[in-house]
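J.: 3D model of this:
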Amino acid sequence: MKNLIKYIGIGLTLTAIIFSYGSCSKDKTTVINDNKNGNLNKIDVEAQVNSLPKESLSLEELNSLTYIREEEKLAKDVYFTLYNKWGVNIFNNISQSESSHMSAVLNLLNKYNIADPVGTNETGKFANMQLKTLYDHLVSEGNKSTLNAYIVGATIEDLDLYDLKIDLVTIDNQDIRYVYEILLKGSRNHMRSFYKNIINAGGTYTPQYISKEEFKAIINSEMETGN
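T.: Purely as a prediction, here's the structure:
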């Protein structure tokens, strides 16, 4: 999600999908709330992070940690806002999961004495202006209908998976890799949940960032458990 140019196509994709499927009746929608990944065990994750060596940080690792901290906040804030709009539990459940992901990244920031870019920022407030722009765009799209909101959720997880995997190419610190693998697992589970709701609402989703092969492997596999 680090290149704002990538976001331009999101609105067009959402509009095209909703135009094709927007006639579906809300009464026929069955909401799937099977977030079997749940929240992370913060104590266990923090203990594992602290048990791993504190290694020197590359510039890529430093930049990644501060960005991913706010990227997880973006997901949490969008889902929290869409839950307040639609009252659908999937957004509340996954927002709480994203909050635990934020805490896992904060553990790393504290371990390496890195200033937290989130601080006391309220919902929708970001130090990174690209993320602020993206938040506003995604909330605007998600406010149009519950189907739009589910597609926004899938889009966020699509972007998260892409960014985390790109960052892992240049990250070798064991503790960071450990946390990022947890975040990847969570995003795969969230993608499965959102995709089921999209299908039940009469819509569809085509991956915009991860490959079609990876996307199919995710949606055709079972929920993953454990930290």
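J.: Kindly provide the distance from the most centrally placed residue in the chain to residue 167.
T.: The residue lying closest to the centre of the chain (C-alpha atoms, centre = their mean) is residue 157, at 4.3 Å. Noted for residue 157: a distance of 16 Å to residue 167, by C-beta to C-beta, to the nearest Å. Glycine gets a C-beta too; all of them are placed from N, C-alpha and C.
J.: Same question for residue 209.
T.: Counting by C-beta to C-beta, the gap from residue 209 to residue 167 is 13 Å.
J.: And residue 223, by the same measure?
T.: Taking C-beta to C-beta, one finds residue 223 at 24 Å from residue 167.
J.: between the two, which one's more packed in?
T.: residue 167 (20 against 14; other C-beta atoms under 10 Å).
J.: wait, doesn't the more buried one sit right on residue 68?
T.: Yes - look at residue 167 against residue 68 with C-beta atoms under 8 Å: they come within range, at 7.1 Å.
J.: Identify the contacts common to those two.
T.: Taking C-beta atoms under 8 Å, 6 or more residues apart in numbering as the contact rule, residue 167 and residue 68 both touch residue 180.
J.: before we move on, which element is the closest residue to the residue nearest to the centre of the chain other than its chain neighbours in?
T.: By the measure of C-beta to C-beta, 6 or more residues apart in numbering, the closest residue to residue 157 outside its immediate chain neighbours is residue 191, 4.2 Å from it. Using DSSP states H and E, residue 191 falls within helix 174-200.
J.: what's near enough to touch residue 152?
T.: Taking C-beta under 8 Å, 6+ apart, one finds 14, 78, 82, 138, 141-142 in contact with residue 152.
J.: Including pLDDT, could those go into TSV?
T.: Converted to TSV, the contacts of residue 152 look like this (pLDDT from 0 to 100):
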residue	pLDDT
14	52
78	98
82	98
138	98
141	98
142	98
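J.: Adding neighbour count, distance to residue 42 and secondary structure, write these out as a markdown table.
T.: Shown next, in a markdown table, are the contacts of residue 152 (neighbours: other C-beta atoms under 10 Å; distance: C-beta to C-beta, whole Å; DSSP: H, G, I helix; E, B strand; the rest coil):
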| residue | neighbour count | distance to residue 42 | secondary structure |
| --- | --- | --- | --- |
| 14 | 22 | 34 | helix |
| 78 | 29 | 22 | helix |
| 82 | 27 | 24 | helix |
| 138 | 29 | 27 | helix |
| 141 | 22 | 31 | helix |
| 142 | 26 | 28 | helix |
